[in-house]
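Q: Got a sequence here, can you build the structure:
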Amino acid sequence: MSGRAISLSRLRSGVQIILFMVTVYGGLVIGPYAADKISTALPALSCTYDQQNGAWCALRPFQHLSSHQVGETMARTGTADWALFAPLLWTLLAFLSFFVVLNKAFCGWVCPLGSVQELLYTIGRRLGMVAHNLPPGWLSGVRSIKWFLLLFFVFLLPLAAGLGWLPGAAGEAWCRVCPSRILTTLLTGNGEQIALAVGDSGDIVLGLLGNLLFGFMVTAAVVVRQPFCRICPMLAFNAIFKRMAPLRLTKNPHPHCGRCRSCHAACPMEIAEIALPQDKNIFHDDCTLCGRCVEFCPQDQVLHLKFGPVSLYRSRPEIFRARSRVELANGSLRTRKPSAEGVSHG
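A: Numbers count the residues shown, from 1 in each chain. Next up, the predicted model:
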């Protein structure tokens, strides 16, 4: 990349707006619950309860197959063989056919829930609300939650429901608690999903958890960057395969790495490992490939967004200066002209 500094943030915002319309309202073009949806295995939280969406989240079919294909068949026959898991494998391959192209950028560029959280955080900054980071001691514990949610809510609880061990509502346990189900349906004018179902104990418990999680996300996102993304099971599922795809974040260690920590401050997921001196392995499980760390790195060609061997976007001092005139690394608005002090340009 040469010449005038290109704003990756503006490009990403444009892509987010377009794909938000596709993932939330795309069904208005191709028809509600149409057989020719873009995908039924999208690596982003596009909710099947939103009848106007243009693609489905991969977590719904994984739950459905775990409950109905595997669990119910095992309960009926009392046996398990590899043929039971073949549909799960095909769904996984469909998921990978999308994921392998953009890797975890589905989280940072496509997911409508992530886009709404960014918007809420921006509103909070415009209103002058104080931004908060998670206490450092919390990060490790918070990061583990997404793996628990993926294992239990997407696979084990639906399997247990299919086996008859849990109420039927557990067959789609994640969908019942996912904030995207409430958010995207509300955005299409459907208020049914925010109402608490009282069919059985499973409906009540999962409904309460879903409403609490949605309320937490909407409230916390105003003052904390991407609060739900940090615990999202889709982020965990994407992280499992992150090494398979050619799109990734890379680093050429620099002697000044670890001094300014601007990249860490810019990261919505607070990945401190990005700023560690001489550390090349920075493509963390929590990374959403948003590229903010690249924009806010003041050193030339240290951080890269790469597709295979090709550098699509790299850190440059002029990009850093242009972004810093507009906002601080943590997303707060710049209230005065940035000082030349405080950041080493090497």
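
Q: Buried residues of the helix or strand of the chain with the lowest mean pLDDT, list them for me.
A: None of the helices or strands of the chain scores lower by mean pLDDT, DSSP states H and E than helix 27-30, at a mean of 85. For helix 27-30, burial by neighbour count (16 or more other C-beta atoms under 10 Å) applies to G27, I30. Heads up, the C-betas are built off the backbone N, CA and C, glycines and all.

Q: centre of the chain versus that helix, how much separation?
A: 24 Å (C-alpha atoms, centre = their mean, to the nearest Å).

Q: Tell me the helices and strands packed up against the next helix or strand after it.
A: Under the assignment DSSP states H and E, the closest C-terminal helix or strand after helix 27-30 is helix 59-64. If contacts are counted by 3 or more C-beta pairs under 8 Å, 6 or more residues apart in numbering; DSSP states H and E, helix 59-64 sits against helix 82-102, helix 173-177, helix 233-240.

Q: Could you look over the ones you listed and pick the most buried one?
A: Most buried of the helices and strands packed on helix 59-64, by mean neighbour count (mean count of other C-beta atoms under 10 Å): helix 173-177, with a mean of 24.

Q: Settle this for me: C263 is touching E295, isn't it.
A: No. At 9.2 Å, C263 does not count as touching E295 under the criterion of C-beta atoms under 8 Å.

Q: How is the protein partitioned into domains?
A: The record's domain parsing of the chain by automatic domain parsing lists 11-237, 247-326.

Q: quick one: terminal-to-terminal distance for the shortest one?
A: Put plainly, it is domain 247-326. One end of domain 247-326 sits 28 Å from the other (C-alpha to C-alpha, to the nearest Å).

Q: what does the longest one give?
A: As for domain 11-237, its first-to-last residue distance stands at 26 Å under the measure C-alpha to C-alpha.

Q: tell me how far it is from the chain's mean position?
A: Computed by C-alpha atoms, centre = their mean, the chain-centroid distance of domain 11-237 equals 10 Å.

Q: again, but for the last one
A: Centre-to-centre, domain 247-326 and its host chain are 19 Å apart (C-alpha atoms, centre = their mean).

Q: quick check: mean pLDDT across it?
A: Domain 247-326 carries an average pLDDT of 91.

Q: Out of the helices and strands packed on helix 59-64, which gets nearest to P309?
A: For these, proximity to P309 was assessed by C-beta to C-beta; helix 82-102 is nearest, at 16.4 Å.

Q: Which strands and helices lie in contact with the closest one?
A: Looks like helix 82-102 contacts helix 59-64 (3+ C-beta pairs under 8 Å, 6+ apart).

Q: Mind listing residues that contact the helix it packs on?
A: 40-41, 45, 48, 88, 91, 154-155, 158, 171-175, 178, 233-234, 237 (C-beta atoms under 8 Å, 6 or more residues apart in numbering).

Q: now the strands for the stretch 101-250 of the chain?
A: Ranges of strands in the stretch 101-250 of the chain, per DSSP state E, counting those that start in this stretch, are 247-251.

Q: can you pull the pLDDT of the spatially most central residue of the chain?
A: For the chain, the residue nearest the mean C-alpha position is C107 (3.4 Å; C-alpha atoms, centre = their mean). At C107, the model reports a pLDDT of 96.
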